[in-house]
Every structure is written in structure tokens, then in C-alpha cells.
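S.K.: let's see this in three dimensions:
(chains A, B and C, ligands or ions: 3)
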Amino acid sequence: MKSSAFQYELPEDLSSALKLLNSNDLDILPLAGGQSLMPMMNFRVAQPDILIDLNKIDSLKNITIEGDYVRIGSMVRYCELEQSEIIQKHFPLIIHVIPYIAHSAIRNRGTLGGSVSLADPAAEMPSVLITLNASIELSSSNSTRSVNAEDFFKGIFETVRKSNELVTSINIPVSSMPKKFGFYEVTRRHGDYAIAGAVVTSDNGQDNFNDTRVVLFAVSTKPMRVPKSEAALNGNNFNNQDSINEAIDAVTGNSFERDLHNDETTKETLAKVSLKRAIGGLNG
Amino acid sequence: MVDTKTITVTVNNEEYTSTVNVRKNLIDYLREDLGLTGSHVGCEHGVCGACTLDMNGQTVRSCLILAVQADGMEITTIEGLPSEGIAEELKKSFAKNNALQCGYCTPGMLSSALEYLNNGGRANKEEIRRHISGNYCRCTGYQAIVEAIYDVAENGVSK
Amino acid sequence: MTGPKFSFDKPGKYIGQPTERPDTRRLLKGRGKFVDDIQLPRMLHAAFLRSPVAHAKIKSIDTSIAENIKGVVKILKGTDFIGIVEPYVGVLSHLAGLRSAPQMPLAVDTVRWQGEPVVMVIANSRAIAEDAASEIILDLEDLPAATNTEKALDKDEPVIHSEFDSNLAWERTVDVGNVDEVYARDDVVTVEKQFLFGRHTGVTLEARATIANYDPSENQLDIYYSGQAPHMMQFIYAKHLDIPEENVRVTAHDVGGAFGIKVHTYGDEIATAAAAKLMERPIKFLADRYESFMSDIHARDHVINSKMTVSKDGKILALEYDDLTGIGPFSMYPRTSAIEANQVLNLTGGPYTIPNYRANAKVVFQNKNMMCQYRAVGHPIAMALCDGLLEEAAAAINLDSVELRKRNLIPDDTYPTTSTTGMKLDDLSHQKALSKLIEMMDYEKLKKENADLKKQGMYRGIGFCSMIEVTNPSPMFYGIGGAPIASQDGATIRLDAGGGIHVASSVTEQGQGTNAVLAQVAADVFGVDMDRVQVTTGDTKTTPYGGGTWASRGAGIGGEAVYLAAEALKDQVLDVAGVMLQSKPEDLNIDNGHVIDNLSKEKRMSLADLARTVYYRGNELPSDMSPELIATRHFRVTDTPFVFTNGAMAAHVELDIETGIVKILNFWAVEDCGRVINPMLVDEQIRGGVVQGIGHALYEECLYSDDGQLLNTTLADYLVPMATEMPEIHVGHIETPTKTSVLGAKGAGEAGTGGAPACIINAVNDILRPLGVTNYQIPMTPNRLLDTLRSAKI
Ligand SMILES: Cc1cc2nc3c(=O)[nH]c(=O)nc-3n(C[C@H](O)[C@H](O)[C@H](O)COP(=O)(O)OP(=O)(O)OC[C@H]3O[C@@H](n4cnc5c(N)ncnc54)[C@H](O)[C@@H]3O)c2cc1C
Ligand code: FES
Ligand code: FES
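M.R.: Ligands and ions are numbered 1, 2, ... in the order given. Sure, this is the predicted structure:
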């Protein structure tokens, strides 16, 4: 299928983009890497009246250290994240997870801001950002606000972003990088969106879980943080099987969402397996 | 509403200036407007990899890029692969290993394979399989493709 | 002439060699010519508005907005084709009792599946045609839909065609021996299983594509076709559009995969041709991926209840099953949708001696997309069914399943023979194939390794399949039943003035390497370098008449025709050479482009000299000599309905019992396709086939909602096998040439797809069975396996 007709805008700076976004009540969509939006347009699921291509806005393409946090412009592509020395130094978790996202030709275009804005519940990065305590910066032509990643995602393809706002950056405290992290996802084929996945982080150089974050993805309408699992782990030794089992058991009771191929029971099972394996793969 | 825009693109080392409908995908522009039908369309949603080609030194899905976004870019399609060096070696290896049947996936496969080889990809079948895992081939069973890439990774460019 | 001049005793220069395909040069340069690569002057583009629901009455269609969109040239509804297109019915007389209703290219008053074309929009571009299609208002009155195969025949289920009393399309029973007597015995063991085979589809990477061009001045229709059977389509377009057959030209250049998807009559393609005739302009229609999923034929869709009885010493005594298969609202034209069930009845148990056999197949209509012949028609069902039951039986009597196979395979030295279901079998090698397989995979070592690993909590299993494959069909397959499908194929070979030869053949190329195989045979048999052979296939205007490529017949039938034509041309050339060189033709031969002396091998004259003399300087020849440097021969299989091949395959898999994900560690396939003309091509045919079979066993399924909505219409939701998950596939050969031809080649294109699912299913169940559970629902998805594992004893 071919996309429906639209008006194409290619603003060269952020303020023009925001102005365009603000201009009227037509269906206006920003275009980032296009790796999700273009398929939707080619399917005529998305039929914007105006498409605002963000690819010429250089100010959204940088990764910088600003005081105690790292600022990742929303138009930074996965391939650039992977190459960035700042990210390699501060957030090995992100580097670890990127190869799980799609395939290289997709990562050469897809952006972190696009993934965050899209809010696909099966995507990896939203959950990673929650464990890293990231915040999402949103700008409109008259204001800028910052929303904690955990509060940003609302549901399937749904976020707190208003239609006149753009995601301009993803900001992660430098101190957020956990000493230990574990990541596991279940996919049927390499590079597919996960059927279930888990990210676990713990901020401690010693032997115990501390300030643990457990986030499950691809099993519900949005990234699922599991405080009970975190509580079960906190303060206990990394090898304490009882507390690990308790953390895994605590996954039960959350509400799981089926997908086309997997029912809720499977989702729950796989969420637990993912968590178990993420903990088992916790790095040193 | 027909929104058009004039773009200048370098394709296979030749510069083209064209006025295109803004909703036209890069792959359709190359195939319909430039007559470069070597790149293929298999899904138009980024999954099959048939339309994969090189834009500014990176592989991209040309069904997920608008022609207008290629303004100022350099594109290499299967028609423009050099007849020497690693690309030529790879093509020979594809023929020798029977790494194509219908040939519909071939342009995208070559593009992904070249990316692998040009980035220092090793003669390791598992890594090769992972690298081409975004390229669908219904005909071959993949093994011959993997072997074709493997041979080039192992032997490099023969004299 | 006495006997063939070409000897297979010594290896040919090309026959039997892993020769590179000349076609790859073009394809690797981006110089292929697929339908969408062709742009004709004044060409228009078609898009279809398809039914959004499974079953409804069409109350009205409002095209007023769509018509006024700039660039829209014509909008056609189903009713516009009445009187233009003669309706078609997918029945064959040899499938007694098969019924189906007449079909038109677009729905006329009722839509019967979601995806059925309803309105055709023709515009200056595809994008505009789609714009217009989205502005058409369809007023539909929903009708209850019959979507559940198992309920299709229930009294209260909606009947899809009011002219019929039920949704039954066809039924057949086979009853051989007496299964009931076997059940009554007390020294036997019976195993019983239900098999569920989901729907899947072909997913050719190049979707269906057609360009139709009509020239009223000559009443000539040209079709650029992405498909397998040009002559069949020539007949169909001619008959249903009322154009003399010779005025229809169907040309297939490069075809981006076909697998049986592209050998049927699709309404959108017929509508494209009819519209081209109406409008007297070329029209292009390309199915996009979404349309492919909704309208390319689907395959399989079987519910089978089955049982097998064995004696305690490991003899298969009885096999019984009921097969229910859903085919959508119509039987597909012209091959029908009953062949698959018929094949299941004919082929199940074919490798084995099974004295008592009872089977019933019911083919039912549903409000879903149509189901029809796809690669390895019926085979995966037949093989998975019999070999699955066999593995169950082996476990029940505590015998290794390989041993049980050995005790029941039809012995290699008993051919010719007849299968339980009456199939004539000859030149098969089940025992040799199984022995070779066991050796290749080192079965005993693997079994031990699996047992050791199980102690460490790793779950690995091995699954086997011994199989037969139908190839080289005779007229008994379709022609006998009245279908316009040739079982014979022809080849014309011409010596050109430059000394090269041109082969025109009626079989077609979709990437399997048909053209290369034909060139190999022609070059070897006639005596020229392969570089001097040009091949044309896929053109009704310039090739002899024939069936095209399906049922693994390209090499076996098309190759034989080339063989015969090359021999005949050689005779002609040597007759001329004899006169020119004052020698006896039998003392001469052709080698490497030259007429040579048979004894001394000395070159006597080049073929170019000979041809130029004949073509330009006929004055140098005796006036009573009128040489022909062109020969045509046709070939068909005469003394048997099909030429069967056989194979033995095995899969080694690991099941992650926590996630339900199956990893295939290794796959082995031993295949006997008779004479192997090009081992490199055969091997990759088998591998490609195996991978499709793996797709069916693990990934591929067209999912429908209860009300008949196809739920997965993208490649993101419909999973196909990709490189990372596919195993190394080790191929071994046994060569038992068929006696039905000189070349002795049988087909190889479908074996992998026919046998692989059984291997995977059996391997997974090899893991599950000791845990007290089994799963015979395919695809074996993580969801289904986890479900099964929940009641397992781990
Ligand atoms: C074959 C395939 C496989 C994939 N597999 C995975 C996978 O395994 N895991 C995964 O996470 N993703 C996967 N993706 C999706 C990919 O990662 C996308 O690129 C990503 O989700 C979206 O990023 P994008 O830059 O392409 O955004 P786009 O597609 O350009 O945009 C996505 C949405 O966000 C909006 N948007 C974009 N940027 C902004 C912004 N700055 N402010 C406000 N709104 C914005 C757009 O309007 C659009 O609605 C896959 C994609 C493909 C084609
Ligand atoms: S056509 Fe672009 S990925 Fe399939
Ligand atoms: S060769 Fe046909 S799809 Fe790969």
C-alpha cells in the first residue's frame, strides 16, 4: 500500500518545528527515523495531514554531558548511541541492549526519541530508561517540561506527550548507571520485538541487591515496574535463591496483556522466565 | 493536494535532479522515476529487507524513507556495486554458491552482506546469520547465502 | 538410430555437475526483469477495495467521491464484469462429486471472505487508485459467517452457497483390508492422536503481479505474468474473456518465487485483464503484502483424528483417520481445492507396507480466504500423520522408531509395487535412504548425547520422517479431469548461424534453476559449450506447448523433452555433416561446438561453418537435401500416473522447556530424486524446501478471529523463517533413476517441504513424550508448547 497524501515540512530548527506543530488542529505527525511511522503510513493506519520531518534539526542530534546528567537528543539514532563514547562509558546497559533491537538497517535510522514517543509496549528502550531513572524532556512552542520515564508511558502507543509537544531529549543522571544489570528477552526470531522481557538493575558494588529496579516489557500495555520484586531483592545477596524466587513469584498478580500469538498465561510465564534469566545474567 | 518537491540525489555516482511527490518512497522513486529496478519491494513495512540499499555509507530500508529525504544523499543500489573489490568478490561467491534462486531478495542480501564485510565481519557463520537476519529469503534456505558471505570473509579479495 | 547416443556411464561435462546458473549473472547485476520492473506507455494502475467482512450482502456501492479524484480513470464493480467475464467453477470430473459455485473476478452481490475483491479502481498511479478506493462507500448487510472448520457441516451453521444443501464440497473414503478385524485382536497396540494443521501461506517475496495489455486492432491480449503455468493462463484468459487462444500471449520473465501460490486463477488478475480489454490500455496490478496475505491461496487447514495399530513385534497392521479440511468459500479454479485432501488419502503411509487402511476426507467451505495447492500439496500432512503415529506406536511398544521404520518400509528390492492406497511405486530406495541418513547423523551417538544432556536439564530430541513425493505427473493428475493443464512439455532446439543453440521450453523458471538445467542437458547431449546455449522459457508465443512448472516436473519432464530434442537436432546436424564431409553420419559426432570424427576425435568442421553453409550457401548442398537445423520433441510420462521419489530426513532439536522455544540444532535430508542433473541446485532446492517446512512446523499461521477476520497481514505478525534460527541442512543423495525416461530425473522441489514438518513435530514430541505429554498442533508455537508443558511431569 502507498501512503496517503500529506504536506511535507522540513524545519531546520526546533522552534520552527514547534511552531508548525502548534499551527492548527490538523493531524500533524513528527517524523523521526520513520522505522515505525513509515510502515504505519504505508499501511494507511497513520494518515497525517502534515508530516514534520525532524531530520534536519541538528540540535536534537547531540549526546552531551550537562552537569550531572547525560542529555541524549531525541533524534540520536540507535547506531549513533552505540558508537557514542559517552554512552559506552556511562551506560553499558544501553550498549548491551541495542543489538536486540531489530536489525542494523533499522537501527541505522531509528531514533531513541522515536522509540520513546511511539511507546510500543514491546520495545526495549522504554524499560531500560525506566531502570536508568531517565527523564523525558518535552517542548512546545511556549514551554518545556521534564517527565520521569516511569510516568511518561501511559499505555499502548500512548504517552503523556501532548500533540503540540515534541520529545526533545532523554536525560539520564550520570549516577544512574547501576553497577549491575541484567537483561533478558524472549523472542522467536533474532531481532523481533520481544514476547516478554526483563531489565533488572542494582546499584551496588558489594554483594547485595540495593536500589533494585525491575521492569518487565512486552507483557502489558506499557513497561511494567514490579516494586514487590524489587523489595524482595533489596538488601539480599545476589545469590540468595530464596529472595530471587520471591522476586519471581511477585510477578504473579500483575495484569498481563495477550498479543496475537500469546495468551495472558504465557505472558506471565515468560515474564517470570525473563526475570529469572535477567537476574541470572546479572553482570559483575 | 499534490505536494511536490525538487531534490538532488546522487545514485550510483550519477547526480539526478527530480521533482517528486512528497509521499513517494525512495524505493519507488529509484524504480519508477530513475528506472533502477534492481532494488525490490517485498513488503513496504520494513520487515523483509528486499529494498535494503546503501545511503551515505549505511544500509537503510528504502521503503521506509521518503524520496524527499534522500535530497543531498549518496545512494548505491545493486546496479551501482563496483565490479571490483569486495562487492565483485561477493557477487562471484553468490553465483558460485548458488546463494540466490529467484534473486528477489538478492539486492537486499548483498547490501546487508557488504555492510557486514565492510565493517570487518568475521568468517563466522553464526555472526553472519545474525547480520542477515533482517533479510527474508523464501527460496534458498539461507545456507548458501551464509556460505557465500563466509567464503568472502575468509578469503577476502582474491587477485 | 539405435538407442541414445549420449552415455550416462561417464560423467558429462555438465550433467551431474554443480554448474553455475547463467541466470545469476543478470540477477546479481540488478538486471532481472520482474513484472513490476516493466513500464509500458500509457499504463494505468489498479487497486482493489476488498471486503472488510467475511460474509455479507452487497446493498450498494457509492463511488461518487472516488470517481472525482484527479487521476482516477475508471471504477469497476462486480456487476460491470457480467457479460465480459465468463464465470468459472473449480471442479474436475475425476474428483467425483466435487462441487463449487461459479465465481466472478469481483464479488457481485455477496462477499464471502474478508479480502475478496469488491471494487476495482484504475488510476494514473497506484497511490491515487488507493486514495480513491478508500473513499468508496460499501453498504453491506452482514450475514452470519461459517468460519469454524469443525462446525462447517453442522445443521445450524450458515450454508455459504444457497444452491447447496450444506458446506460440503467433496468427500472421499478409502477402505482397504479390514481395520476392524485388526482392532478386535488382543495382541496389538493402538495409538490415537488428533492432528491440527493451521493455515499458512506461500509468502513469495515478490507478491503476485500482472500487467495486461490489449490491442483492439488485432484483438490481442498480452499478459506479463509472475507465475508458473503460462499456457494454462493463456487458456483461461482466452476462454473467460472470449478472445481466441492464439491471440493471448502470456509471458513470464523473472518470477520472485512461486511455490504453487502463482499457479491459480485470482479474481484480481482476471479483472486486470478484463479491464485492459475494456479500456484498451495496459494496466498493472501488484498485490501488496497486505493483499497477499488476504488473497494469495492459503494452504493446509486440516483437523485429523487418527489411529495406528501395530503388532507387539513391530508390524504396522492398520491405519485409520478422518481428515476435515477447510477450503474457503470456493474451490479454486482450475486446479480445485480438493487435490490436497485427495493427496493426503493417496500418500499417507506410502513408504510403508500397511495392510489395512481406512480413511475419509471431507472438504468443506468456509468464509475464509481460499485454500489450494501449495508446495508439496498434501505431503506434509500425509507424512506428519503417518510418521507421527509411527513414533507414537514405537514408544507404545518400546521399540526404537528407526527400528520400527526398518521393519515396515517397503523393501528396496520389491519394486515395482503398489501402495496400500493403490499408487504405483517404482525405483524407490527407502531402506538405502534411511541407512544413509542414520550414518550421516551418527544416530546412536546423538541419542546417547541427548540422554546425557537430559541429566543436565537440557531437553533435546530427534525426529524422523521417511517419505515419498509425487513428481513428474502424467495426465492422470489434472488433464483427465478436464483441466487445461498440460502434463506433457516440449522443447525446441535450433542451431543458429553462429554455431550456438537456442532452446525454447514450455517449463518455467522461478529460481529453481530450470533454465540452467535445460542448458546443461542441451549442451551435453548436443555437444556445445554451455555458454553457447540460450534458453527461453515462460512465453506462450515462442515456446512449445506445455504445463509449466509445478509438482516438481521441470527437470524430469522439461529436461527429458530437451534431451530428446537435442538428440534429434544432433541427428539432423550429423546428416548434413555426413553429406558435407563425405562421411557416414554414424562415424561423426559433435563435441565442443565441432563436428568431429567419432574414432580419432579429430575436428572436422565447426558448427558455425555447418550452419552458415546451410543458411547462407545452400547452393553448396545437393539440391535434393533440405536440411532442418531445428528439432522439437515433447515428453510425457505414460506408463504410471506419477513418478514417485523418496527420502529420509531427520531433525535434532532442543526445547527450552521454560519458554516453549524450539531451537533446531541440525537437519539431515537424504533424497532420491533419480538422476541428479545439478547437485548444487538440487541441494538448495531441498534446503529451501526444508526451511519452508520448518516455517510451517514452528512459525507460520494465518490467524483468524471467530468472525472470519484475518488477524495477521504483515510480515511482522506472520512469522517466516529467518537466517539465524535456521540450522545447517546436510543433504545426501541416493540416485535411482526412473525408468520412465532416458535421463532418469525425478523431481526434487517439494521433498523438503513435505518431510521437514514431520521431522520437527516428531523431534519435539520425542522430548515431550517422556514428560507424559505430546503436542500435534502445528505450528508448534511457544504458547502451545507452554500450554502442553503445563501438564508435563518435569
Ligand atoms: C522490522 C522492524 C523491527 C523492529 N524491531 C524493533 C524491536 O525489536 N524493538 C524496538 O524497540 N523497536 C523495533 N522496531 C521499531 C524501531 O525501533 C523504531 O525505529 C522505533 O520504535 C521508532 O523510532 P523512529 O525514530 O523510527 O520513530 P518514527 O517511526 O519516526 O516515529 C514513531 C512515532 O513517534 C512519533 N515521534 C517520533 N519522534 C518524535 C519526537 N521527537 N517527539 C514526538 N513524537 C515523535 C512519530 O510521530 C511517530 O508517531 C522495529 C522496526 C522495524 C521496521
Ligand atoms: S520492502 Fe522494504 S523492507 Fe520489505
Ligand atoms: S532467492 Fe528468492 S527470495 Fe531469496
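
S.K.: how about the strands in chain B?
M.R.: B:4-11, B:14-21, B:52-55, B:58-61, B:74-76 (DSSP state E).

S.K.: mind giving me the packing neighbours of the last one?
M.R.: With contacts defined as 3 or more Cβ pairs under 8 Å, 6 or more residues apart in numbering or on different chains; DSSP states H and E, the packing partners of strand B:74-76 are strand B:4-11, strand B:52-55. C-beta here means a position set from N, CA and C on the backbone, and glycine is covered the same way.

S.K.: next, the angle strand B:14-21 makes with the longest one.
M.R.: Okay, so that is strand B:4-11. Angle, strand B:4-11 to strand B:14-21, by axes from the mean of the first three to the mean of the last three Cα atoms, to 10 degrees: 160 degrees.

S.K.: other residues contacting strand B:4-11?
M.R.: Residues outside strand B:4-11 that contact it (Cβ atoms under 8 Å, 6 or more residues apart in numbering or on different chains): A:8, B:15-22, B:30, B:34, B:36, B:67-68, B:70-77, B:80.

S.K.: are any of the residues you listed buried, and which?
M.R.: Among those, those classed as buried by 16 or more other Cβ atoms under 10 Å in any protein chain shown are A:8, B:16, B:18, B:20-22, B:30, B:34, B:36, B:67-68, B:70-71, B:73-77, B:80.

S.K.: returning to what we had before: ranking the helices and strands packed on strand B:74-76 by burial, who's on top?
M.R.: Ranked by mean neighbour count, those are led by strand B:52-55 with a mean of 26 (mean count of other Cβ atoms under 10 Å in any protein chain shown).

S.K.: output that strand as CSV, restricted to C-alpha atoms.
M.R.: Taking C-alpha atoms only, strand B:52-55 is exported to CSV below (Å, rounded to 0.1, in the frame of the first residue of the first chain):
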residue,chain,number,x,y,z
THR,B,52,17.8,-2.6,1.6
LEU,B,53,20.4,-0.4,0.0
ASP,B,54,23.2,1.9,0.9
MET,B,55,22.6,5.5,1.7
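
S.K.: that strand and ligand 3 in contact?
M.R.: No - if you take Cβ under 6 Å from any ligand atom as the test, strand B:52-55 misses ligand 3, and the best it gets is 12.7 Å.

S.K.: skipping adjacent residues, who's closest to C:D575 in space?
M.R.: Leaving aside its sequence neighbours, C:D575 sits nearest to C:P585 (Cβ to Cβ, 6 or more residues apart in numbering or on different chains; 5.4 Å).

S.K.: list the contacts for that neighbour?
M.R.: For C:P585, the contacting residues are C:D571, C:L574, C:D575, C:A577, C:G578, by Cβ under 8 Å, 6+ apart.

S.K.: for C:G500, same thing?
M.R.: Residues in contact with C:G500 (Cβ under 8 Å, 6+ apart) are C:V528, C:R532, C:V533, C:Q534.

S.K.: okay, domains of the chain per the record?
M.R.: I went with chain A, as the question did not name one. Domain ranges of chain A: A:7-52, A:59-175, A:178-280, per automatic domain parsing.

S.K.: that's the other chain; I wanted chain C
M.R.: If you go by automatic domain parsing, chain C breaks into C:23-32+C:488-635, C:35-143+C:207-255+C:262-295, C:375-473+C:640-787.

S.K.: likewise for chain B?
M.R.: B:4-80, B:85-155.

S.K.: hmm, the last one touching chain C?
M.R.: Pointing back at domain B:85-155 there. Yes - residues of domain B:85-155 contacting chain C under Cβ under 8 Å from any Cβ of the partner chain: B:91, B:94-96, B:98, B:100-107, B:110, B:125-126, B:128-130, B:132-146.

S.K.: show me the shaky parts of chain C.
M.R.: For chain C, the stretches with pLDDT under 70 are C:1-11, C:551.

S.K.: C-terminal to the helix ranked longest in it, what's the next element?
M.R.: In chain C, with assignment by DSSP state H, the single longest helix is helix C:559-581. Where DSSP states H and E defines the elements, the next helix or strand beyond helix C:559-581 is strand C:588-591.

S.K.: and whichever residue of the stretch 651-794 of chain C sits closest to ligand 2, how many neighbours does it have?
M.R.: Nearest residue of the stretch 651-794 of chain C to ligand 2: C:L715, at 7.2 Å (Cβ to the nearest ligand atom). Neighbours of C:L715 under the rule other Cβ atoms under 10 Å in any protein chain shown: 23.

S.K.: quick one, what contacts the nearest residue to C:T638 once chain neighbours are set aside?
M.R.: Of all residues beyond its chain neighbours, the one nearest C:T638 is C:S474 (6.7 Å), with distances taken as Cβ to Cβ, 6+ apart. Listed by Cβ under 8 Å, 6+ apart, the contact set of C:S474 reads C:S487, C:R636, C:V637, C:T638, C:T640, C:P641, C:F642.

S.K.: next one: A:H103
M.R.: Neighbour list for A:H103: A:G191, B:G49, B:S133, B:G134 [criterion: Cβ under 8 Å, 6+ apart].

S.K.: ok, those residues vs chain C, which is closest?
M.R.: For the contacts of A:H103, the minimum distance to chain C (Cβ to the nearest Cβ) is 4.3 Å, reached by B:S133.

S.K.: thought the closest one was touching C:M722?
M.R.: Yes - contact criterion Cβ atoms under 8 Å: B:S133 and C:M722 qualify, at 5.0 Å.

S.K.: between the two, tell me which one has more neighbours.
M.R.: For B:S133 versus C:M722, the count of surrounding residues by other Cβ under 10 Å is larger for C:M722: 28 against 23.

S.K.: tell me which element the residue of the stretch 151-284 of chain A found nearest chain B falls in.
M.R.: Chain B sits closest to A:H190 of the stretch 151-284 of chain A, with a gap of 4.4 Å, by Cβ to the nearest Cβ. Following DSSP H and E, one finds A:H190 outside all helices and strands.

S.K.: related to what we said a few turns ago, can I get the domains of chain B in a markdown table including distance to A:I156 and mean pLDDT?
M.R.: Shown next, in a markdown table, are those (distance: least, Cβ to Cβ, whole Å; pLDDT from 0 to 100):
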| stretch | distance to A:I156 | mean pLDDT |
| --- | --- | --- |
| domain B:4-80 | 18 | 98 |
| domain B:85-155 | 24 | 98 |
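
S.K.: closest one to C:A47 among those domains?
M.R.: With distances scored as Cβ to Cβ, the stretch of the domains of chain B nearest to C:A47 is domain B:4-80 (13.4 Å).

S.K.: what about the closest one, start to end distance?
M.R.: Using Cα to Cα, to the nearest Å, the span of domain B:4-80 from its first residue to its last is 27 Å.

S.K.: OK, contacts around the residue of chain B found nearest chain A?
M.R.: Relative to chain A, the nearest point of chain B is B:G134 (2.8 Å; Cβ to the nearest Cβ). Listed by Cβ under 8 Å, 6+ apart, the contact set of B:G134 reads A:A102, A:H103, A:S104, A:A105, A:I106, A:G191, B:V47, B:G49, B:T52, B:S112, C:M722.

S.K.: the fifth one belongs to a helix, doesn't it?
M.R.: Okay, so that is A:I106. Yes - A:I106: assigned to a helix according to DSSP: H, G, I helix; E, B strand; the rest coil.

S.K.: doesn't B:T59 make contact with it?
M.R.: No - applying Cβ under 8 Å, one finds A:I106 not in contact with B:T59, separated by 9.4 Å.

S.K.: pull the distance from the longest helix of chain C to the chain's centre.
M.R.: 34 Å (Cα atoms, centre = their mean, to the nearest Å).
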